[in-house]
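I'll drop the sequence and a predicted model, then ask my questions.
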Amino acid sequence: MMRTSTRKRLQGRTSCWVLGGIGCLGLLVIVAVGFYLLARAVQESGFMQMAQTAAEAEQKLKPRLAAIYQGIQQYAQANNGKYPPNLKALVPKYLTEEALAPVVTNDGTKYEFVYRPPKPNDPPETVILEHKPPVKLVMSVGESVEIQTTYQVGKDGKIRDKTETVTTSGRQPAGTPRQ
C-alpha cells in the first residue's frame, strides 16, 4: 500500500532536477545574449580600432624615440656633455636621415619628432624629445571620448606617456588624472 500512495504523490509533479536543468539552460541563454550585446557595444564604440591604433603608434614611435635619444647621448659624450643644438646635427655621424624621418601610421597620420636641448642644470625628468601630433584615439560611449597621448623622452632617457582625455562636452571624465 505504501508504494501506491508514493506513486500517486509523484505523478503529475515535475522533478526538481528537471526544473533545475531548465533554470540553468535559461541562465546560459541570458549570459550568451549578454555577451553578444556587450560585444556589439564594444564594436560600435570603436574600442577595437582604438586599441589597434594605439598599439601601432606605440610599436613605431617608442623604438624610434629611443634610437634618437641614443644618438643624442652619443653626441653629448663626444662633445664634453654638450647636447646637440638640433636633431640635424646628429646626421650622419650618430643617426641616419631615415632615423629622423617622420613616422607614418596605417591611418596616414604623420608623426614628427620635436627636440628641445636641455640646459645643464635641468632635472633628469625634463622632456627633451617627443613627437607631434599626439596619438588621438576616439571612442563613443554615450558621448564621444578623445584620448590624446604623447610619448616623451626625459633627459634621463625614460620614455613617459603624457595622456589627456577629453569628452565631447569638453570636460575630463571623472577619475582621469590631469598632467
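Nice, thanks for sending it over. Just so it is clear, the model here is predicted, and its values are computed rather than measured. Residues are numbered from 1 along each chain as shown.

from Lys60, how far out is the most centrally placed residue in the chain?
Centroid check for the chain by CA atoms, centre = their mean gives Ala54 as the closest residue, at 4.9 Å. Distance, Ala54 to Lys60, using CB to CB, to the nearest Å: 11 Å. No exception for glycine: its C-beta is placed from N, CA and C like everyone else's.

same question for Lys155.
Noted for Lys155: a distance of 23 Å to Lys60, by CB to CB.

for Leu65, grab the count of nearby residues.
Leu65 is flanked by 21 other residues according to other CB atoms under 10 Å.

returning to that earlier point: among Lys155 and Lys60, which residue is more densely surrounded?
Using other CB under 10 Å, the more surrounded residue of Lys155 and Lys60 is Lys155, with 19 against 16.

show me what contacts the more buried one?
Shown in contact with Lys155 (CB atoms under 8 Å, 6 or more residues apart in numbering): 118, 122-126, 128.

can you pull out the helices in this structure?
2-10, 16-45, 47-78, 97-100 (DSSP state H).

a markdown table please, covering those and showing distance to Ser144 and mean pLDDT.
Formatted as a markdown table, the helices of the chain follow (distance: least, CB to CB, whole Å; pLDDT from 0 to 100):
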| stretch | distance to Ser144 | mean pLDDT |
| --- | --- | --- |
| helix 2-10 | 61 | 55 |
| helix 16-45 | 10 | 74 |
| helix 47-78 | 12 | 88 |
| helix 97-100 | 34 | 92 |
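
name the strands paired with the strand ranked longest in the chain and say parallel or antiparallel.
In the chain, assigned by DSSP state E, the strand with the most residues is strand 143-154. When pairs are called by DSSP bridges, strand 143-154 turns out to pair with strand 127-132 (antiparallel), strand 135-141 (antiparallel), strand 159-167 (antiparallel).

which parts of the shortest one are buried?
If you call a residue buried by 16 or more other CB atoms under 10 Å, then strand 127-132 has these buried ones: 127-131.

and which of those is nearest to Gly26?
Closest approach between the buried residues of strand 127-132 and Gly26, by CB to CB: His131, at 52.7 Å.
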